[in-house]
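> Okay, here's the prediction I keep looking at, along with the sequence it came from:
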Amino acid sequence: MSIYVGNLAYEVKEDDLRQVFAEYGTVKNVQLPIDRETGRMRGFGFVEMESDAQEQAAIDALDNAEWMGRSLKVNKAKPKTDGGSSGGRRGGDGGGYSRRY
């Protein structure tokens, strides 16, 4: 399991996040996704801790906590869903129905 941490300040570094979460247990991994186009952090990250109990303690303590001028959004990360695009049609006549006149 991992923790989603949203509404992060763009200046946050992995070590900053690691220090905050270390108060609740052993931090195994921290990820801060970078925007491909701008090269800057995207404003959210993921933290993985040693146990579910430690992760839950961090979530309980840090959700809605103010840090670096922001109110954090902290919860269990949802699993990434595989699959292509979300919605939209591919090709076809655009009508989605049979054309009989």
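Looks like it came in fine. Numbers count the residues shown, from 1 in each chain.
> Name the helix or strand for Val20, please.
Using DSSP states H and E, Val20 sits in helix 14-22.
> moving C-terminal of that helix, what's the next helix or strand?
As assigned by DSSP H and E, the chain's next helix or strand after helix 14-22 is strand 27-31.
> Off-centre distance for that next one?
13 Å (CA atoms, centre = their mean, to the nearest Å).
> Quick one: name whatever helix or strand follows it.
strand 44-49.
> Alpha carbons of that following strand, in PDB - could you do that?
What follows is strand 44-49, C-alpha atoms only, in PDB (Å, rounded to 0.1, in the frame of the first residue of the first chain):
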ATOM      1  CA  PHE A  44       1.400  15.600  -5.400                       C
ATOM      2  CA  GLY A  45       3.400  12.600  -4.300                       C
ATOM      3  CA  PHE A  46       3.400   9.100  -2.900                       C
ATOM      4  CA  VAL A  47       4.900   7.800   0.300                       C
ATOM      5  CA  GLU A  48       5.300   4.100   1.100                       C
ATOM      6  CA  MET A  49       5.900   3.100   4.700                       C
END
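> Number the chain from 35, please
Got it, the first residue is 35 from now on, which makes the last one we talked about strand 78-83.
> Name the strands paired with that strand and say parallel or antiparallel.
Strand pairing for strand 78-83, using DSSP bridges, gives strand 37-40 (antiparallel), strand 61-65 (antiparallel).
> Low-confidence regions, this structure specifically.
116-135 (pLDDT under 70).
> Next, work out how far apart the closest residue to Arg74 other than its chain neighbours and Gly77 are.
Nearest non-adjacent residue to Arg74, counting by CB to CB, 6 or more residues apart in numbering: Tyr44, 5.8 Å away. Every residue, glycine included, has its C-beta placed from N, CA and C. Separation of Tyr44 from Gly77 (CB to CB, to the nearest Å) stands at 6 Å.
> With neighbour numbers in mind, choose between the two.
Ranked by neighbour count (other CB atoms under 10 Å), Tyr44 and Gly77 place Gly77 first, with 16 against 13.
> Give the next helix or strand downstream of the longest helix along the chain.
Across the chain, the longest stretch assigned as helix under DSSP state H is helix 86-96. Next helix or strand after helix 86-96 toward the C-terminus (DSSP H and E): strand 100-101.
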